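S.K.: Here is my input, please return the structure:
(one chain, ligands or ions: 1)
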Amino acid sequence: MRYVVTHPRRVRGESVHQTSWEKKLLLSKEREEIQVKVQSQTAARDPETLRKEIEEAFLMPEVEHFVETPEVRETEARMKLWLDAGYPVHLIGPTGCGKTSLAMHVARQFGRPVVWINGDESITTADLIGGYSQIENESVRDKYIHNVFKSKDVMKVEWVDNPLSLACKYGYTLIYNEFSRTKPAANNVFLSVFEEGVLELPTKFGEDRYIRVHPEFRAILTSNSIEYAGIHRPQDALLDRMVGIYTDYYGYETELRIVMEHTGLEEDVARRVVEIVRYLRDRLPDAQKPGTRACIMIGKGLKMLNRSSGIGLDQICIDVIANKTSSKKEMEEKRELVCEAIAAVQEGSGG
Ligand SMILES: Nc1ncnc2c1ncn2[C@@H]1O[C@H](COP(=O)(O)OP(=O)(O)OP(=O)(O)O)[C@@H](O)[C@H]1O
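M.R.: Numbering: from 1, shown residues only. Here you go, the predicted model:
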């Protein structure tokens, strides 16, 4: 809804040769309130149409190449059990182990629109629930006339729902990725959502400050087990209202299937990639462990290799795990470990 503010045109008194009578009239007008003629520019769309448009906009795309092994299905089954029991599910696990893909895949299976929030230090409660859109219109009179006139009119127009309000109002599935990156105070609104089934809109005026949470509302939150120990430890009261499912790196066979699905590599090559990454994962510190994502990246890098470039498998692996390196010495140590991993896998495969 756009508003047009109309108000008496202001003109510079002296520069326009008006009669004294016109000046008097203009001056008196200046003391009048600004006449705000609000015309809505668009005919109000009915709420149902608006909702359908919102739902189409939010429908989460299918997770491509999603691999379901017995191990994946077991975790999915636990997630659905708790979500159907009415509890939010908190997936905790190391970087790149598959939390987000799992959350998206399970969310899709409820057939409800999925709204997505990425946790961040700068997120406020308003980012979660919404706020008023407002038009501010300021008109300032000429400075060199004694009757300087300054007018400012701020109009609060309509409340705009943000993802959490939409999910609670219409029963969408909420995925709150890396939620522990958000400051705990901003996440306080979730306490009554998860317990009393009520979303309070503390910044909203009037009677509809509360949303009764829709029975189809579900929430899946993810956080990074490594960062979890670091950035913002969520308040116990919030953790107490969720079910926690710790998702570590997948087993060998699942990871192999995922790499083959994403890269199209032959099984024997994919096996070597997974074995090299798992060799490194077993020997690197938690914060440096390569995840499933690293397996896929190495696999895709291998596919792009051509003999003439002189780039070898070792360099591909080093480039993928170098991101979390903080010194030349550390890089050299990793280079040695990569060569050790490749040799060990070569030996193991009798290659
Ligand atoms: N079951 C699966 N089927 C296919 N691909 C998967 C599966 N699980 C994870 N992946 C792939 O592995 C990579 C890492 O998965 P994902 O991004 O879900 O991990 P994450 O734990 O959410 O990572 P982060 O902590 O960085 O958010 C992605 O490329 C994803 O597509």
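S.K.: Could you list the contact residues of the stretch 101-250 of the chain toward the ligand?
M.R.: Contact residues, the stretch 101-250 of the chain versus the ligand (CB under 6 Å from any ligand atom): Ser101, Asn224. Where C-beta positions appear, they are placed from N, C-alpha and C, glycine not excepted.
S.K.: Show me what the helix or strand hosting Leu102 is packed up against.
M.R.: Leu102 is located in helix 99-108, with elements delineated by DSSP states H and E. With contacts taken as 3 or more CB pairs under 8 Å, 6 or more residues apart in numbering; DSSP states H and E, helix 99-108 sits against helix 70-84, strand 89-93, strand 114-118, strand 173-177, strand 218-224.
S.K.: Only the buried residues of the first one, if you could.
M.R.: The one in question is helix 70-84. Going by neighbour count (16 or more other CB atoms under 10 Å), the buried part of helix 70-84 is Val72, Thr75, Met79, Trp82, Leu83.
S.K.: And that helix, what does it pack against?
M.R.: strand 89-93, helix 99-108, strand 218-224, strand 243-246, helix 252-263.
S.K.: what angle sits between the next helix or strand after the longest one and helix 252-263?
M.R.: Elements were assigned by DSSP H and E; along the chain past helix 252-263, the next helix or strand is helix 267-283. Inter-element angle recorded for helix 267-283 and helix 252-263: 120 degrees (by axes from the mean of the first three to the mean of the last three CA atoms, to 10 degrees).
S.K.: Quick one: the helices in the stretch 1-150 of the chain, in order.
M.R.: With DSSP state H, counting those that start in this stretch applied, the stretch 1-150 of the chain shows helices at 20-31, 47-58, 70-84, 99-108, 125-129, listed in chain order.
S.K.: returning to that earlier point: could you dump the helices and strands packed on helix 99-108 into TSV with distance to Glu55 and mean pLDDT added?
M.R.: Below are the helices and strands packed on helix 99-108 laid out as TSV (distance: least, CB to CB, whole Å; pLDDT from 0 to 100):
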stretch	distance to Glu55	mean pLDDT
helix 70-84	19	97
strand 89-93	22	96
strand 114-118	10	91
strand 173-177	12	95
strand 218-224	15	95
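S.K.: Throw the ones you listed into JSON lines and include distance to Asp127, thanks.
M.R.: Listed next are the helices and strands packed on helix 99-108 as JSON lines, based on distance: least, CB to CB, whole Å:
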{"stretch": "helix 70-84", "distance to Asp127": "24"}
{"stretch": "strand 89-93", "distance to Asp127": "20"}
{"stretch": "strand 114-118", "distance to Asp127": "8"}
{"stretch": "strand 173-177", "distance to Asp127": "12"}
{"stretch": "strand 218-224", "distance to Asp127": "16"}
